[in-house]
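A.B. asks: the following comprises the amino acid sequence and a computationally predicted model.
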Amino acid sequence: PDSLQYLVRDLFERITFYDLRTTAVTATPIGGGRTRVTMTIEASKVYVDGLGAETPAPMNDWVEIGVLDADEAPLVAQKHRLHTGTNRISVVVRGTPHEAGANPFGVLIDRNKRDDMKEIGA
């Protein structure tokens, strides 16, 4: 659909790098074996030309958000629209969350994948 044409351009026609940083994660038990996980994610993207020159690009993209247990099994993996700057997202999971954040499976090209996810309580 027209609403996802940007994705085709970003993945196949341009060199696109994302900077997704999960800066805070909290987990609050809400009963019935469920936990509300709230995360703060800083997001941006740039286009890079063949000579390495970077151009900041506005971000208004669907990005996978994940909450994983201690065995790295997904408790939640769903897309959320992230905008340039600070994004706050809350999801409810069943089970014991261990870490949460953006791009949990490394689908998007991010120069520092280590800060995409954050351990809960860290």
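C.D. replies: Nice, I can see it.
A.B. asks: where does pLDDT dip in this protein?
C.D. replies: 122 (pLDDT under 70).
A.B. asks: strands of that one, residue ranges please.
C.D. replies: 15-31, 34-48, 54-57, 60-68, 74-83, 85-94, 99-102, 117-119 (DSSP state E).
A.B. asks: tell me which of those strands lies nearest to Pro1.
C.D. replies: With CB to CB, the closest approach to Pro1 among those belongs to strand 60-68: 11.7 Å. Bear in mind the C-beta positions are built from the backbone N, C-alpha and C, glycine included.
A.B. asks: which residues are contacting the closest one?
C.D. replies: By CB atoms under 8 Å, 6 or more residues apart in numbering, the list of residues contacting strand 60-68 from outside reads 4, 6-7, 10, 18, 20, 37, 39, 41, 43, 45, 74-84, 89, 91, 93, 97-105, 107-108, 117.
A.B. asks: and the angle for that strand with strand 85-94?
C.D. replies: Angle of strand 60-68 versus strand 85-94, following axes from the mean of the first three to the mean of the last three CA atoms, to 10 degrees, is 40 degrees.
A.B. asks: picking that back up, as CSV, the strands of the chain with mean neighbour count would be great.
C.D. replies: Output for these, formatted as CSV (neighbours: other CB atoms under 10 Å):
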stretch, mean neighbour count
strand 15-31, 16
strand 34-48, 18
strand 54-57, 12
strand 60-68, 20
strand 74-83, 15
strand 85-94, 14
strand 99-102, 26
strand 117-119, 19
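A.B. asks: excluding chain neighbours, what is closest to the residue nearest the centre of the chain?
C.D. replies: In the chain, the centroid-proximal residue (CA atoms, centre = their mean) is Ala102; its distance is 1.8 Å. Nearest residue to Ala102, sequence neighbours excluded (CB to CB, 6 or more residues apart in numbering): Leu20, at 4.2 Å.
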